[in-house]
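> Coordinates for the following, if possible.
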Amino acid sequence: MERNTYSSSRPRTFSRPSFGARRGSTTRSRFGGNRGGGGGRGRTDSIHPSKFISKAVITEVAEVFVPEHKFSEFLIDERLKKNIIEKGYETPTPIQDKAIPHVLKGQDVVGIANTGTGKTAAFLIPLIHKVLSNDRENILIVVPTRELALQIHDELRGFVGGMKLFSTVCVGGAPIGAQIRDLRYRNEFVIGTPGRIKDLIERKCLNLAHFKTVVLDEADRMLDMGFINDMKFMMALMPKDRHTLFFSATLSPDIEKLIKDFLRSPVSISVKTGDTAKNVDQDVVKVMRGENKLDVLHSMLIQPDFSKVLIFGRTKHGVEKLTELLKGRGFKAESIHGDKNQSARQRALKTFKDDKTQILVATDVAARGLDISGVSHVINFDLPATYEDYVHRIGRTGRAGKKGKAFTFVE
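Presented below is the predicted three-dimensional model:
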């Protein structure tokens, strides 16, 4: 990734008098790695610190999106339309407004939109209609993380109430026996992660020849996580005349290559308003030589406005260690990372969503797609591996039109 050109000769320092910073210091910032060590995907020193600084945009007259449709006007099954209206949805978001008509027509779609803009409903709504219109239709939805799979499953259930449509989640970290049993029955929707789906295929419990529609959600993240061969394996087993949908907040050059292989004359829809949300106030926290990084974090977390904080670390070990250190200092904190089983991860996520814990410390498994309301701050305790990871991390705050804050530690 190229360095961003920046007018200043050095990064701006986050002014935090109550956080113990020494004003006026000219100590040079150090970049080029995670002190916790290990497990990074690429170099962090390619991200210029200026890219972590951006004030939330506040305008007197906001640009108003005028949708071309209302949900009541979409040509979808009346039962589905009724459920949508009962959920209080009237006007689609930009990605929903632009994508749903093309998906309803059976066109392949590449949808790019900022996080928190309703991408999940943009593919679920037309695909539910597709299943209701053809009782032999099966839908495969592939996502990078267990949490995102479960979140999509929950949203799906909210749309299909009373329709007698069935779905199952197939993810690692959960007992495979229960998933094998579920797959013996009719499931119009199968939602899962690449590794577990591949395992179930090899056990002859899942036959992708029966699936003519596939959604690859956050495909760039799946590529980053090393799932490229699993993705190619799955797509090769599906019918060649399949209906394929890509939805993500970012689109890397490697994913663009996959699109050429996986999709047929796709409609490309981009409703992004920039790399990061305009209503997320972004800044860096300059950790001076001799300062204790954990002490600086502590002094931030005791501020009254840090009410619901998502902290990102680079490694599983580092995340768990930081969580225990914060607990030792009296904070209510939980952790999510790849070494935790699914039930433990779900418990941690639920306590954070229910405001029973102030802090959730996570690896990048929590950076994509998770919709957690009311996150006041995102803190990058460790630098992200790529700028795309940064975009997704800070997208967990400032959602649904609210203002959020994101801070990145710079040593």
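> residue ranges for the strands of the stretch 201-350 of the chain, please.
Using DSSP state E, counting those that start in this stretch, the strands found in the stretch 201-350 of the chain span residues 213-217, 243-248, 267-270, 280-286, 309-312, 333-336.
> which helices and strands sit right next to the second one?
Meaning strand 243-248. Using 3 or more Cβ pairs under 8 Å, 6 or more residues apart in numbering; DSSP states H and E, the elements in contact with strand 243-248 are helix 94-104, strand 109-112, helix 119-133, strand 213-217, helix 219-224, helix 253-262. Where you see a C-beta, it was placed from the backbone N, CA and C, and this is true even at glycine.
> One more: the longest one?
In this structure, strand 280-286 packs against strand 404-410, with contacts taken as 3+ Cβ pairs under 8 Å, 6+ apart.
> Does anything pack onto the strand it packs on? Which helices or strands?
If you count contacts as 3+ Cβ pairs under 8 Å, 6+ apart, strand 404-410 packs onto strand 280-286, helix 293-301, strand 377-380, helix 387-394.
> and those, which one's lowest on average pLDDT?
Ranked by mean pLDDT, the helices and strands packed on strand 404-410 bottom out at helix 387-394, with a mean of 82.
> out of the helices and strands packed on strand 404-410, nearest to residue 338?
helix 387-394 (15.1 Å; Cβ to Cβ).
> orientation of the closest one relative to strand 243-248 in degrees?
Angle of helix 387-394 versus strand 243-248, following axes from the mean of the first three to the mean of the last three Cα atoms, to 10 degrees, is 80 degrees.
> Now do the domain split for the protein, please.
When the chain is parsed with automatic domain parsing, its domains come out as 17-57+278-410, 71-270.
> Per-residue pLDDT of the nearest residue to residue 87 once chain neighbours are set aside, please?
Counting by Cβ to Cβ, 6 or more residues apart in numbering, residue 87 lies nearest to residue 158, which is 6.4 Å off, once chain neighbours are set aside. We have a pLDDT of 93 for residue 158.
> Which of the helices or strands spans residue 158?
helix 146-159 (DSSP states H and E).
> before we move on, what about residue 184?
Per DSSP H and E: residue 184 is located in neither a helix nor a strand.
> now residue 168
Taking DSSP H and E as the definition, residue 168 sits inside strand 167-170.
> So for that strand, mean pLDDT?
Strand 167-170 shows an average pLDDT of 97 in the prediction.
> what does that strand contact?
Contacts to strand 167-170, defined as Cβ atoms under 8 Å, 6 or more residues apart in numbering, come from residues 149-150, 153, 156-157, 160, 179, 182-183, 187-193, 196-197, 200, 206.
> Please indicate which of those residues are buried?
Buried by 16 or more other Cβ atoms under 10 Å: 149-150, 153, 156, 160, 179, 182-183, 187-193, 196-197, 200, 206, out of the contacts of strand 167-170.
> Report the inter-axis angle for the helix holding residue 158 versus helix 119-133.
Here helix 146-159 points in a direction 50 degrees away from that of helix 119-133 (the same axes, to 10 degrees).
> what about helix 146-159, distance to the chain center?
For helix 146-159, the separation from the chain centroid amounts to 13 Å (computed by Cα atoms, centre = their mean, to the nearest Å).
> Stretch 311-319 too?
That offset, for stretch 311-319, works out to 17 Å (Cα atoms, centre = their mean).
> Okay, now it: how far is its last residue from its first?
One end of stretch 311-319 to the other measures 9 Å (Cα to Cα, to the nearest Å).
> Now it: average pLDDT?
Across stretch 311-319, pLDDT averages out at 93.
> what's the answer for stretch 398-405, then?
Computed over stretch 398-405, the average pLDDT equals 79.
> Flag every buried residue along it.
For stretch 398-405, the neighbour count (16+ other Cβ under 10 Å) marks 398, 399, 404, 405 as buried.
> Quick one: end-to-end distance for it.
Stretch 398-405: ends 7 Å apart by Cα to Cα.
> Stretch 161-172 too?
The straight-line separation of the ends of stretch 161-172 (Cα to Cα) is 27 Å.
> Which among the helices and strands packed on strand 243-248 is found nearest to residue 66?
Closest among these, using Cβ to Cβ: helix 94-104, at 9.4 Å.
> got TSV for the helices and strands packed on strand 404-410, with distance to residue 334 too?
Output for the helices and strands packed on strand 404-410, formatted as TSV (distance: least, Cβ to Cβ, whole Å):
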stretch	distance to residue 334
strand 280-286	22
helix 293-301	14
strand 377-380	15
helix 387-394	17
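> and of the ones you listed, who's closest to residue 365?
helix 387-394 (11.0 Å).
> helices or strands next to that closest one in the packing?
helix 219-224, strand 377-380, strand 404-410.
> wait, which of those is closest to residue 310?
Judged by Cβ to Cβ, the one of the helices and strands packed on helix 387-394 that comes nearest to residue 310 is strand 377-380, at 5.0 Å.
> Quick one: list the elements packing against the closest one.
Secondary-structure packing of strand 377-380 (3+ Cβ pairs under 8 Å, 6+ apart): strand 309-312, helix 387-394, strand 404-410.
> Centre of the chain to that strand, how far?
Put simply, strand 377-380 sits 15 Å off its chain's centre (Cα atoms, centre = their mean).
> same check, this time on stretch 358-365
Centroid displacement of stretch 358-365 relative to its chain, using Cα atoms, centre = their mean, is 13 Å.
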